[in-house]
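1. Model the following, please.
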Amino acid sequence: MQQLAIFGGTFDPIHWGHLLIAETALHQVPIEKVIWMPSFYPPHKTAALFEHRVAMLQIATRENPAFTVSQIETKRSGNSYAIDTLIELSACYPNTHWYWIVGLDTFQTLPRWYRGEELAQMCDWLIAPRLLGGENITQSELICKQVRQQLQKQSVTIHWQLLDTPLVGVSSSLIRKLCRDGKSIRYLVPEEVRSYMKFHELYRR
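-> Take a look at the predicted model:
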């Protein structure tokens, strides 16, 4: 049975923090490949054009043979829901043990996801700690245990582990703000991604 991980998100834009998380997952868990899954139509936010976000992902990941970018969500209309993505990928990759890579703040909302209780049991969860209000690893573990307890009340079993990844205080929202303010984003994103953003004038006012 092969072991694959999904790394879903808006990636608006992808940055070094995302790449560190995916690389950590590859080495911490016996994963053969990380499938990057940009949301085609994020249900709770607006984002740059899908074509731009995919292009930046492909630029940032092309040198790592264990990374692949999927555009499977373009086959669906309407909102992009995680469980639909996993069901479709399972059809493409049979006999697979699935992992889902997610940031701590997003994992905290899992009980409220569309069909979240069902999704929670379909894969193992790899949680990337985030710099939220000075949280440390102990606090991150506590939050994850609280999510597990919420799901247990619904008779849902979930398997999760924290990724031992460097805590990088960079986010896509910070990068977009810096771009709007005309400030430098050098060293926050891969240089070729930065050049792409500059050429296409992404995230400018």
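2. Please make it C-alpha for all contacts and neighbour counts, starting now.
-> OK.
3. And residue 205, how far from residue 95?
-> Residue 205 is 47 Å from residue 95, where distance means Cα to Cα, to the nearest Å.
4. go on, residue 147?
-> 28 Å.
5. Among those two, which residue is more densely surrounded?
-> residue 147 (17 against 11; other Cα atoms under 10 Å).
6. quick one: contacts for the spatially closest residue to that one that is not a sequence neighbour?
-> Once flanking residues are discounted, residue 147 sits nearest to residue 108: 6.2 Å by Cα to Cα, 6 or more residues apart in numbering. For residue 108, the contact set (Cα atoms under 8 Å, 6 or more residues apart in numbering) comprises 143-144, 147.
7. Which members of the residues you listed occur in helices, if any?
-> Taking DSSP state H, the ones among these that sit in helices are 143-144, 147.
8. now, which of the residues you listed sits nearest residue 61?
-> Set against residue 61, the nearest of these by Cα to Cα is residue 144 (28.5 Å).
9. Tally up the residues packed near the closest residue to residue 119 other than its chain neighbours, please.
-> Of all residues not flanking residue 119 in the chain, residue 83 sits nearest, at 5.7 Å (Cα to Cα, 6+ apart). Look at residue 83: counted by other Cα under 10 Å, it has 17 neighbours.
10. all helices of this protein, in order?
-> 16-28, 50-61, 82-92, 104-107, 116-120, 137-152, 172-180, 191-199.
11. Would you mind giving those as CSV with mean pLDDT and distance to residue 67 added?
-> Converted to CSV, these look like this (pLDDT from 0 to 100; distance: least, Cα to Cα, whole Å):
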stretch, mean pLDDT, distance to residue 67
helix 16-28, 96, 8
helix 50-61, 97, 6
helix 82-92, 92, 15
helix 104-107, 92, 22
helix 116-120, 95, 23
helix 137-152, 91, 26
helix 172-180, 95, 20
helix 191-199, 97, 16
